[in-house]
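> next input, structure requested:
(chains A, B, C and D)
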Number of protein chains: 2
Amino acid sequence: MGYTIGEIAETTGLSIHTLRYYENEGIMPSVKRNGSGIRIYEKTDLEVLQFICCLKETGMPVIDIKKFVNLLVQGDHTIEHRIDLLLKQKENVQSQVNQLMSYIQMLDRKVQLYKTILANKNECQE
Amino acid sequence: MGYTIGEIAETTGLSIHTLRYYENEGIMPSVKRNGSGIRIYEKTDLEVLQFICCLKETGMPVIDIKKFVNLLVQGDHTIEHRIDLLLKQKENVQSQVNQLMSYIQMLDRKVQLYKTILANKNECQE
DNA sequence: ACTTGATCTAGAGTTAACTCAAGATAATAC
DNA sequence: GTATTATCTTGAGTTAACTCTAGATCAAGT
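Presented below is the predicted three-dimensional model:
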């Protein structure tokens, strides 16, 4: 029962360095150790870690993830606060999506413009 | 005819430092100077700059923007290559959007979970 | 002409988020 | 029980993308 840091690095794709760094910085809750100080990750540690990775992927800065994790380790009485943070982040992500979609349109327009230029050049050569 | 670096900073929201940095690094084409070496931005410079900002916002790393700008300054015979790059970036952005939308769902699920926990707690207290 | 504010260059400093190094201890495989 | 491999800590190094500093020159208002 429990995984070593190497196994967790393997399954999450994070490096061992990064895992230790996350723990030191409070980006993830601290992990239990065995008698000689070696980290033993439980299944819940892995789950929290994976959720943290998702938050990171949505562009949440490490400092905010830290705040969230702080609430997490404080227990159930922080759940309402956590809901707030997640809903705020959801709005963030939603507006990121909207902006990216507008950039897709912009890329399309630019490509269209370039194609028009090419078409005109070919016409002239005929 | 032509804007100063300060005006361009104002309208783009980039700092003066950043504008000079972009030019030094080849992230934007170099700008004309007046007799005493002061940058005079033309309308086309502004347009290129704004397009570059968009590319940056889509997460294109500076090194790739540089490549694109390199093609740009080389003239029309690089248009096909530029189309390729932009279409590739469009795909990138599209998959970013997809991933972000899946994260929105994940955030929703987490919030839902938290709400269930809260609901159960209230029930117990009744 | 003089002052004030903008711009110039070269190069150093900053920030976020890792990433690596060194030296020591622990676990595992034979 | 020894060699190999993994893990530990502390602290330094790296990378991308700025951001700032200093000292000098330029431009605009009075």
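
> switch to C-alpha atoms for all contacts and neighbour counts from now on
Fine.

> is DNA strand C contacted by the helix or strand where A:Leu85 lies?
In this assignment (DSSP states H and E), A:Leu85 forms part of helix A:79-125. No: on the criterion C-alpha under 7 Å from any atom of the strand, helix A:79-125 is out of touch with DNA strand C, staying 14.4 Å away.

> any residue of that helix touching chain B?
Yes: counting by C-alpha under 8 Å from any C-alpha of the partner chain, chain B has neighbours in helix A:79-125: A:79-80, A:83, A:86-87, A:90, A:93-94, A:97, A:100-101, A:103-104, A:107-108, A:111, A:114-115, A:118.

> for burial, what's the neighbour tally of A:Cys124?
7 (other C-alpha atoms under 10 Å in any protein chain shown).

> which residue packs closest to A:Leu85, ignoring adjacent ones?
In space, and not counting its chain neighbours, A:Leu85 is closest to A:Phe68: 7.6 Å by C-alpha to C-alpha, 6 or more residues apart in numbering or on different chains.

> any idea how many residues pack against that neighbour?
A:Phe68, neighbours per other C-alpha under 10 Å, totals 21.

> and it, what element?
A:Phe68 belongs to helix A:62-74 when assigned by DSSP H and E.

> on contacts alone, who are the packing partners of that helix?
helix A:43-57, helix A:79-125 (3 or more C-alpha pairs under 8 Å, 6 or more residues apart in numbering or on different chains; DSSP states H and E).

> related to what we said a few turns ago, does the residue nearest to A:Leu85 touch A:Arg82 like I think?
Yes: at 6.7 Å, A:Phe68 counts as touching A:Arg82 under the criterion of C-alpha atoms under 8 Å.

> which pLDDT value goes with A:Met106?
A:Met106 is assigned 94 on the pLDDT scale.

> let me see the contact set for it.
Going by C-alpha atoms under 8 Å, 6 or more residues apart in numbering or on different chains, A:Met106 touches no other residue.
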